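[1] My questions concern the predicted model and sequence given below.
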Amino acid sequence: MKIATFNVNGVNGRLGVLLRWLERATPDVVCLQELKAPQEKFPEQALREAGYGAIWQGQKSWNGVAILARGADPVEVRRGLPGDPQDLHSRYIEATVHGITVGCLYLPNGNPAPGPKFDYKLKWFERLTNHAAKLQKSKRPVVLAGDFNVMPTDLDVYKPERWIDDALFRPETRAAFHKLVKQGWVDALRKLHPDERIYTFWDYFRNAWPRNAGLRIDHLLLNPVVAKRLVGAGVDREVRGWEKTSDHAPVWIELKAAKTL
DNA sequence: ATGCCGTGGAAACCACGA
């Protein structure tokens, strides 16, 4: 089974790219971020015709997350993280699909830092970490996938010294990520490719894509029961080279079948 | 060092992204 995450940067503006990628990659589960569409403008029908059931949490102009399932309908568990009823950003949705609990997240960017946006990022991170602790206790298969807006280590940045003061790479941000992972999550791409430079995002400007000035900020975190099934992980880099494409590329993992009892 | 590109929504510019 293949599970992927893709920050599409506008699900309607990017529908052609998304459908083309789905047809080629045939992922079984897909987490989407940055829909940039209100609830009623999500392209449900086009995705269904492509073979995918979906649940989503839209928002006008910004944010927005969705979970797609090939040949199935994701069963929604929750939308939004607990801990702050005032927070109206559409950044988290969770479903069970093909026997796995999937949390799809779009963590706040946090720039400029320091400032209120950075404070919001760290608060949101804390709420995610609290919720993730509960998911860890369940012992059922869980995947947390999405745009974390964090480069976990120097290896995840084309030029680390340039990013030291950035909200995506500041010590507080990296510390928050490592605190989360320490609960028992496995960073799937790092697990299978410990020493490789892997990027999932390249800016639209400054010629970032042609000169491979990238960041690894889209991640799939696996709890132990899923980590045991991990047999492959990668980035569909070619998608970043397409016309009218997102600034992120899809990231995926391959799981072997669960042992039947 | 930098929003230089790109999207969406409202208004013919602005907010936001990383």
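    Okay, I see it. These numbers were taken from a predicted model, which means no experiment stands behind them.
[2] Neighbours of residue A:188, how many?
    26 (other Cβ atoms under 10 Å). No exception for glycine: its C-beta is placed from N, CA and C like everyone else's.
[3] That one reaches residue A:223, doesn't it?
    No - the criterion here is Cβ atoms under 8 Å, and residue A:188 misses it with residue A:223 at 11.1 Å.
[4] quick one: buried residues of stretch A:235-248?
    A:235-237, A:239-240, A:245-248 (16 or more other Cβ atoms under 10 Å).
[5] brain fart, stretch A:188-195
    A:188-190, A:192.
[6] burial of the residue nearest to residue A:149 when sequence neighbours are not counted, as a residue count?
    Spatial nearest neighbour of residue A:149, excluding adjacent residues (Cβ to Cβ, 6 or more residues apart in numbering): residue A:107 at 4.7 Å. Residue A:107: 23 surrounding residues under other Cβ under 10 Å.
[7] Next: the one 10 residues further on.
    Under the neighbour criterion other Cβ under 10 Å, residue A:117 is assigned a count of 14.
[8] Same question for the one 5 residues further on.
    The local packing of residue A:122 (other Cβ under 10 Å) involves 17 other residues.
[9] Looks like it contacts residue A:171 (just checking).
    No - the criterion here is Cβ under 8 Å, and residue A:122 misses it with residue A:171 at 11.5 Å.
[10] sorry, back to before: between the buried residues of stretch A:235-248, which is closest to residue A:10?
    Nearest to residue A:10 among those: residue A:246, at 7.8 Å, using Cβ to Cβ.
[11] Buried residues, the worst-scoring helix or strand of chain A on mean pLDDT. List them.
    Ranked by mean pLDDT, DSSP states H and E, the helix or strand of chain A with the weakest confidence is helix A:160-163, at a mean of 94. Using 16+ other Cβ under 10 Å as the burial criterion, the residues of helix A:160-163 that qualify are residue A:163.
[12] Perfect, I'm done here.
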